[in-house]
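Trainee: Sequence first, predicted coordinates after that:
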There are 2 protein chains.
Amino acid sequence: MKLEQAAKQLEALGNPKRLNLYRTLVRAGEAGRPVGYLQETLGIAPSTLSHHLHRLILTGLVTQERQATTLICRANYPVMDDLLGFLADECCADAACGPAVGEAAA
Amino acid sequence: MKLEQAAKQLEALGNPKRLNLYRTLVRAGEAGRPVGYLQETLGIAPSTLSHHLHRLILTGLVTQERQATTLICRANYPVMDDLLGFLADECCADAACGPAVGEAAA
DNA sequence: CATCTATTTCGAGAATTTTCGAAATAGTAT
DNA sequence: ATACTATTTCGAAAATTCTCGAAATAGATG
């Protein structure tokens, strides 16, 4: 996985509307969801949804399959797994990777 | 983890320069890296780097610690883990998808 | 205090994204 | 072919992001 592509995918997910859309598909699983259903559920204009969907599809995160006049959208799990792997993979690759205790803003 | 915050974090990572920056920190581990080192490594103007760093810090993905005049930057692993969890968590929650049935939040 | 290094803030121009309505296209059925 | 539903493409306005140089700030040291 190249950095450029990972960035594209993260950018695609980094918009609330698109993330919500993608999550809906992730939860839908193999069944997928038709574009029309997504449009009603998310409450955005058809042209706007189409635009967002297109971006998700370009990155490979979502696929579509035609069923008559309806387009079924599905989350592409392997692509998501690759992306998650990319993020987690090189943890501490350049250091002695200890247990990473969280001094986070708790 | 709220959708809005996850989107912010993904958006922060969804820029090649920032993703590269973040990856450098992830690989650096607990040692972290000083801003100046990052600036040279990534080859961008100090003000630009500062801007990107600020965005990463706002989302919680990166933390800073002062050491004299130098600022050490570190990846905040727990935050990344939360984000990865958010993405993977609800896989197929609305479908028959095997073992992913621990969800009571939604 | 003057000065040096490290980093951020300010201000602004260029590029990109987001949004939507209107019009176009894909597919089905009559 | 005509009509109908589902979805995309086009065109354009508003908002946001990205970038950098110049000036400002934080902290250490002489």
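Mentor: That came through, no problem.

Trainee: Distance-wise, check the residue in chain A positioned nearest to DNA strand D relative to A:His51.
Mentor: Here chain A gets closest to DNA strand D at one residue, A:Gly36, 2.6 Å apart by CB to the nearest atom of the strand. C-beta here means a position set from N, CA and C on the backbone, and glycine is covered the same way. Computed with CB to CB, to the nearest Å, the distance linking A:Gly36 and A:His51 is 16 Å.

Trainee: what do you get for A:Ala6?
Mentor: 22 Å.

Trainee: Give me the more crowded residue out of these two.
Mentor: A:Ala6 (21 against 13; other CB atoms under 10 Å in any protein chain shown).

Trainee: Let me see the confidence value for that one.
Mentor: We note a pLDDT of 97 for A:Ala6 in this prediction.

Trainee: how close does the nearest residue to it once chain neighbours are set aside get to B:Lys8?
Mentor: Nearest non-adjacent residue to A:Ala6, counting by CB to CB, 6 or more residues apart in numbering or on different chains: A:Phe86, 4.9 Å away. Using CB to CB, A:Phe86 is found at 19 Å from B:Lys8.

Trainee: on that earlier part again, show the contacting residues for the residue of chain A closest to DNA strand D.
Mentor: The contact partners of A:Gly36, by CB atoms under 8 Å, 6 or more residues apart in numbering or on different chains, come to A:Thr70.

Trainee: now swap in A:Leu61 and tell me
Mentor: A:9, A:12-13, A:22, A:75-76, A:79-80, A:83.

Trainee: if you set the cut-off to 7 Å instead, what comes out?
Mentor: The contact partners of A:Leu61, taken as CB atoms under 7 Å, 6 or more residues apart in numbering or on different chains, are A:9, A:12, A:22, A:75-76, A:79-80.

Trainee: interface residues of chain A facing DNA strand C?
Mentor: A:11, A:15, A:17, A:44-48, A:51-52, A:55, A:66, A:68-69 (CB under 7 Å from any atom of the strand).

Trainee: and the helix or strand hosting A:Arg55 with chain B, contact?
Mentor: In this structure, A:Arg55 sits in helix A:46-58 according to DSSP states H and E. No - using CB under 7 Å from any CB of the partner chain, helix A:46-58 stays clear of chain B, with a minimum separation of 11.0 Å.

Trainee: how far does that helix sit from the chain's center?
Mentor: Distance of helix A:46-58 from the chain centroid (CA atoms, centre = their mean, to the nearest Å) equals 12 Å.
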